[in-house]
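Undergrad: just coords:
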Ligand SMILES: [Zn+2]
């Protein structure tokens, strides 16, 4: 979800977990749902709470202990967002949430072996707190994409990925990550490119339309 935004809790691309993906039961079936992942910021935009599901999900993504997830507490939301356009969208959405306008949108947060679609809901609370809640809507298994595996060695090349649809900017167009891997021949060397996050034109238009609709309704 906001990653850039590489570090944003909801934008962090899910990655492989040693010992297997915890969402896959032994017979290979995929569990249908994860608990809703939530974090909260205070009136100064500092992360003040995460729920257990958030901590577990972050630990799975980073391959680290659940306790490490508490390292984000006290940091501002904006310290996780490097991309100016994404920062501007989130500022607009946080402002709307504090005015009582709940903002919702879908986004991709894949694991190497799974396509995942989440729904995000940003809502205001007491004392200008804002809640960010991400719920898994669908999950589909695929051949693992090592470009999304955080344990994969990285080279000096950077690829730009949309934080919302997870398409990759390759040769002048935004394409699915599986297509980008082929188009750019990224698996030909011992290391794969690093990933930075931005937003594609389609997703920017979609989010701006939602923001505009909520502003008009205010
Ligand atoms: Zn996009």
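TA: Happy to help now that I have it. Quick caveat, the model's predicted, so the values are computed rather than measured. Numbering: from 1, shown residues only.
Undergrad: So which bits of the protein are right by the ion?
TA: Those residues of the chain that sit near the ion, judged by C-beta under 5 Å from the ion, are 162, 164, 165, 200, 203. All C-beta spots, glycine's among them, are computed from the backbone N, C-alpha and C.
Undergrad: So which of the residues you listed sit within helices?
TA: residue 203 (DSSP state H).
Undergrad: which of the residues of the chain next to the ion lies closest to residue 127?
TA: Lowest distance from residue 127 to the residues of the chain next to the ion (C-beta to C-beta) belongs to residue 164, with 29.3 Å.
Undergrad: give the contact list for that closest one.
TA: 105, 106, 107, 108, 199, 200, 203, 206, 207 (C-beta atoms under 8 Å, 6 or more residues apart in numbering).
Undergrad: My reading is that the second one is in a helix; is that accurate?
TA: No. Counting by DSSP: H, G, I helix; E, B strand; the rest coil, one finds residue 106 to be strand, located in no helix.
Undergrad: wait, it sits on residue 119?
TA: Yes. Residue 106 is in contact with residue 119 according to C-beta atoms under 8 Å; the separation is 5.5 Å.
Undergrad: Off-centre distance for the worst-scoring helix or strand of the chain on mean pLDDT?
TA: Ranked by mean pLDDT, DSSP states H and E, the weakest helix or strand in the chain is helix 52-62, scoring a mean of 84. Offset of helix 52-62 from its chain centre (C-alpha atoms, centre = their mean, to the nearest Å): 12 Å.
Undergrad: now stretch 113-122
TA: That offset, for stretch 113-122, works out to 8 Å (C-alpha atoms, centre = their mean).
Undergrad: next one: stretch 173-190
TA: 20 Å.
Undergrad: Residues touching that stretch, excluding its own?
TA: 110, 142-143, 145-148, 153, 155, 157, 159, 161-162, 165-168, 170-171, 192-193, 200-202.
Undergrad: what is the mean pLDDT for it?
TA: In this model, stretch 173-190 has a mean pLDDT of 88.
Undergrad: what comes up buried for that stretch?
TA: For stretch 173-190, burial by neighbour count (16 or more other C-beta atoms under 10 Å) applies to 174, 175, 176, 177, 180, 181, 184, 186.
Undergrad: Now do the end-to-end distance for that stretch.
TA: End-to-end span of stretch 173-190 (C-alpha to C-alpha, to the nearest Å): 25 Å.
Undergrad: Please shift the residue numbers so they start at 26 in all later answers.
TA: Got it, the first residue is 26 from now on, which makes the last one we talked about stretch 198-215.
Undergrad: Distance of residue 215 relative to residue 179?
TA: 10 Å (C-beta to C-beta, to the nearest Å).
Undergrad: How about residue 242, nearest residue that isn't a chain neighbour?
TA: Excluding the flanking residues, the one nearest residue 242 by C-beta to C-beta, 6 or more residues apart in numbering is residue 126, at 6.9 Å.
Undergrad: Would you state the strands of the chain in chain order?
TA: Using DSSP state E, the strands of the chain run over residues 62-66, 72-75, 128-133, 139-149, 155-166, 179-187, 193-195, 198-200, 217-223.
Undergrad: Can I get the ones you listed in a markdown table including distance to residue 240?
TA: Formatted as a markdown table, the strands of the chain follow (distance: least, C-beta to C-beta, whole Å):
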| stretch | distance to residue 240 |
| --- | --- |
| strand 62-66 | 21 |
| strand 72-75 | 26 |
| strand 128-133 | 11 |
| strand 139-149 | 14 |
| strand 155-166 | 17 |
| strand 179-187 | 23 |
| strand 193-195 | 29 |
| strand 198-200 | 27 |
| strand 217-223 | 24 |
